[in-house]
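S.K.: 3D, please:
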Amino acid sequence: MRRRDREVSDPAKIREIIAACHCCRLGFSDGGKIYIVPLNFGYQEREGQRTFFFHSAPEGRKIDLIEKTHCAGFELDTHYQLNPADSACAHSARFQSVIGFGRVEFVREEDAKVAALRCIMRHNTGREDWPFSPQAVQNVAVFRLDVEEISAKEHD
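M.R.: Numbering: from 1, shown residues only. Just a heads-up that it's a prediction; the model follows:
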């Protein structure tokens, strides 16, 4: 990280930034081009492993790229605010962001899919006691990104 003065290394602070985010952008390599997709998500940490959970339709470009590469970069950001100045180059911005990459795998077992969907709902609604019909669980693709590298920044 070039700007060490903006680095966030405290795990609790990183969790706080992730909790404040509503969109996680995944970036996939696609034949020399980059495909980025914004997704809602759930997040958990267990035994030192950071994991993001996502859901989507069971077919499409993103699904094809997961099957092909099993890896993705991710980016989350929050609390953006422009700090205006008298000259263009003196403007700056407040923000918090988290980036990294990891291994992406499908969650296929029904109980694990329900747990992942509840994690997503907990992040987005504050509740995780949502019921899911077996048909809904069967018809949705659920995947997880196990974080291999992560960094966070903030600028006030």
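S.K.: continuing past the longest helix along the chain, what's the next helix or strand?
M.R.: Across the chain, the helix with the greatest residue count (assigned by DSSP state H) is helix 110-125. The helix or strand immediately downstream of helix 110-125 is helix 134-138, counting by DSSP states H and E.
S.K.: next, the buried residues of that following helix.
M.R.: Val137 (16 or more other C-beta atoms under 10 Å). For every residue, glycine as well, the C-beta is placed using N, CA and C.
S.K.: give me the next element, helix or strand, following it.
M.R.: Helix 134-138 is succeeded, C-terminally, by strand 141-155 (DSSP H and E).
S.K.: now the longest helix of the chain: mean pLDDT?
M.R.: In this model, helix 110-125 has an average pLDDT of 97.
S.K.: tell me what angle that helix forms with strand 141-155.
M.R.: Helix 110-125 runs at 40 degrees relative to strand 141-155, counting by axes from the mean of the first three to the mean of the last three C-alpha atoms, to 10 degrees.
S.K.: pull out the buried positions in helix 110-125.
M.R.: For helix 110-125, burial by neighbour count (16+ other C-beta under 10 Å) applies to 113-123.
S.K.: any weak-confidence spans in the chain?
M.R.: The model of the chain has pLDDT under 70 over residues 1-6.
S.K.: contact partners for the residue nearest to the spatial centre of the chain?
M.R.: Central residue of the chain (C-alpha atoms, centre = their mean): Cys24, 3.7 Å from the mean position. Cys24 is in contact with 38-41, 52, 54, 74-76, counting by C-beta atoms under 8 Å, 6 or more residues apart in numbering.
S.K.: which ones among those are found in strands?
M.R.: Filtering those for membership in strands, criterion DSSP state E, returns 38-39, 52, 54, 74-76.
S.K.: can you flag the buried ones in those?
M.R.: Burial by neighbour count, 16+ other C-beta under 10 Å: within the ones in strands among the contacts of Cys24 this picks out 39, 52, 54, 74-76.
S.K.: re earlier: quick one: the buried residues of helix 110-125 as JSON lines, columns for distance to Lys62 too.
M.R.: Formatted as JSON lines, the buried residues of helix 110-125 follow (distance: C-beta to C-beta, whole Å):
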{"residue": "Lys113", "distance to Lys62": "17"}
{"residue": "Val114", "distance to Lys62": "21"}
{"residue": "Ala115", "distance to Lys62": "21"}
{"residue": "Ala116", "distance to Lys62": "16"}
{"residue": "Leu117", "distance to Lys62": "17"}
{"residue": "Arg118", "distance to Lys62": "22"}
{"residue": "Cys119", "distance to Lys62": "19"}
{"residue": "Ile120", "distance to Lys62": "16"}
{"residue": "Met121", "distance to Lys62": "20"}
{"residue": "Arg122", "distance to Lys62": "23"}
{"residue": "His123", "distance to Lys62": "19"}
